[in-house]
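Peer 1: structure for the following, please:
(chains A and B)
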Amino acid sequence: MKKSILSFSVLITFAFYAFFSSSKSSIVSQLPQPSPDLNITPFIPITASSKNFKNGGYTGTVEDVYYGNIQVKATISSNKLSDVQFLQYPNDKDNSIKISRRAMPILKSEAIKSQSNNVDIVSGATETSVGFRKSLGSALTQAQK
Amino acid sequence: MRQTHLIMGMPVTVEIVAQDTGFVIDKVFDYFIYIDNKFSVYKKDSEVMQINRGEILVENSSLDMQEIFGLADQTKQETDGYFDIVNQFGIYDPSGIVKGWAIYEASKIIEQAGFDNYYVDAGGDIQVCGKNSEGKQWKIGIKNPFNQEEIVKTVYLDNGGIATSGTYIRGQHIYNPRDKSEQITEIVSLSVIGPNVYEADRFATAAFAMGKAGIHLIERIKGLEGYIIDSAGIATMTSGFEKYINN
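Peer 2: Numbering: from 1, shown residues only, chains lettered A, B, ... in the order given. I've put the predicted structure just below:
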């Protein structure tokens, strides 16, 4: 367990590195990207890995992201991460929860529609990328063997 | 004065509405780095990983760590187990509660330095105070889960926190052959507004895990309002949410 956690953290780091340094993968656009006009100091720890990845396809672990599972498959060609596919992502919902319905309120629903982007701050989720990183990290672990 | 740094793999932005902010913004970023070094499960020397390896007992850990364990325990009870810092590997991963807590603590650093118009945003979870540089309420956009470049709702806050849980995978052309009709109940985004970002974040995390029923948890808790978006693009809001839309 200890060892796997250690190698895991190194790999996550490497996955990040591989990701941020790759420009071809379609997934790259999903990760937080620094905007050129912002004053950003990168704080991504980069652990140098002397090992190249072995070519092939590697299936990552299934990661529970609370609301479902994420699993990715990493493809290595020319010893570089060339593609990431999602084999699983959150899609099933079991709503069998114990919630008191005695004060069920009338909630308002609406179809979402685009609004002006003229805002001070934007609120959005980052959780999925964590599960994604974990699954990818495990796929890349296999690629290093 | 506004600055963004990439910490914990996400953009962290601090804005303080003032000409001279001294060193307070640096202090805030130093604080986030300190938190990351202490609580990250991706750093082998972090205190939480020392606990995971059994090198430190929780009861002998730092005050910060003990506080987080206490808060996580409390949240687990309050959310009927939908919140848990023990992850699928059986190790402690407090990131689900540390983020909101750290943002709130960081805002206190700014407050204590004597500023009352500011915000702290870490990866889309936000604590705001006072007014923006135009002297108006902070204007916060909720991202479209299907298109990250777009805003689907604007809310106005002058004191409090907002946190969003969700997934953007669907919006990234990731294609599931089974996804034709049956998954209309799936939720893709849940934003919670609360008295502070700590409360908003922990309940957003737990409520998202409940699926569509999560909005009822938010409705039941005094001081919290929520906006949930399902995979069909239908949003449902709690009964008091509209007061944040009309400024």
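
Peer 1: so who does B:Q66 touch?
Peer 2: B:Q66 is in contact with B:V58, B:E59, counting by C-beta atoms under 8 Å, 6 or more residues apart in numbering or on different chains. (Glycine included, C-beta is placed from N, CA and C.)

Peer 1: repeat that for 7 Å
Peer 2: Taking C-beta atoms under 7 Å, 6 or more residues apart in numbering or on different chains as the criterion, B:Q66 is in contact with B:V58.

Peer 1: what about it, which SS state?
Peer 2: Put simply, B:Q66 is helix when judged by DSSP: H, G, I helix; E, B strand; the rest coil.

Peer 1: and the longest strand for chain B?
Peer 2: Counting residues, the longest strand found in chain B (DSSP state E) is strand B:147-157.

Peer 1: what's it packed up against?
Peer 2: strand B:138-144 (3 or more C-beta pairs under 7 Å, 6 or more residues apart in numbering or on different chains; DSSP states H and E).

Peer 1: which residues sit against the strand it packs on?
Peer 2: Contacts of strand B:138-144 (C-beta under 7 Å, 6+ apart): A:112, A:114, A:117, A:119-124, B:119, B:126, B:128, B:132, B:150-158, B:162, B:164, B:191, B:227.

Peer 1: average pLDDT for that strand?
Peer 2: What strand B:138-144 shows for mean pLDDT is 95.

Peer 1: output the helix or strand harbouring B:T13 as PDB, nothing but the C-alphas.
Peer 2: Taking DSSP states H and E as the criterion, B:T13 maps to strand B:10-16. In PDB, the C-alpha atoms belonging to strand B:10-16 read as follows (Å, rounded to 0.1, in the frame of the first residue of the first chain):
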ATOM      1  CA  MET B  10      -6.000  24.700 -10.100                       C
ATOM      2  CA  PRO B  11      -6.100  28.400 -10.600                       C
ATOM      3  CA  VAL B  12      -6.400  30.400  -7.400                       C
ATOM      4  CA  THR B  13      -7.400  34.000  -7.700                       C
ATOM      5  CA  VAL B  14      -7.400  36.700  -5.100                       C
ATOM      6  CA  GLU B  15      -8.800  40.200  -5.800                       C
ATOM      7  CA  ILE B  16      -8.700  42.900  -3.200                       C
END
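
Peer 1: give me the contact list for the next helix or strand after it.
Peer 2: Per DSSP H and E, the first helix or strand lying C-terminal to strand B:10-16 is helix B:24-39. The contact list for helix B:24-39, computed with C-beta under 7 Å, 6+ apart, reads B:1, B:3, B:5, B:7-8, B:12, B:14, B:16, B:43, B:46-48, B:64, B:94-95, B:98, B:102, B:106, B:109-110, B:113, B:115, B:120.

Peer 1: just to revisit the earlier point, can you check what angle separates the strand holding B:T13 from helix B:24-39?
Peer 2: 150 degrees (axes from the mean of the first three to the mean of the last three C-alpha atoms, to 10 degrees).

Peer 1: now, of the contacts of strand B:138-144, which are buried?
Peer 2: A:112, A:119-124, B:119, B:126, B:128, B:132, B:150-157, B:162, B:164, B:191, B:227 (16 or more other C-beta atoms under 10 Å in any protein chain shown).

Peer 1: what angle do the longest strand of chain B and strand B:138-144 make?
Peer 2: Using the same axes, to 10 degrees: strand B:147-157 against strand B:138-144 is 150 degrees.

Peer 1: got a list of contacts for strand B:147-157?
Peer 2: A:112-117, A:119, A:122, A:124, B:128, B:137-144, B:162, B:168, B:171, B:193, B:227, B:244-245, B:247.

Peer 1: can I get the helix or strand hosting A:Y58 in CSV, CA atoms only?
Peer 2: According to DSSP H and E, A:Y58 maps onto strand A:56-59. Included here for strand A:56-59 are C-alpha records, laid out as CSV according to Å, rounded to 0.1, in the frame of the first residue of the first chain:
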residue,chain,number,x,y,z
GLY,A,56,0.5,0.3,-26.1
GLY,A,57,-2.9,0.9,-24.6
TYR,A,58,-3.3,0.9,-20.8
THR,A,59,-6.6,0.8,-18.9
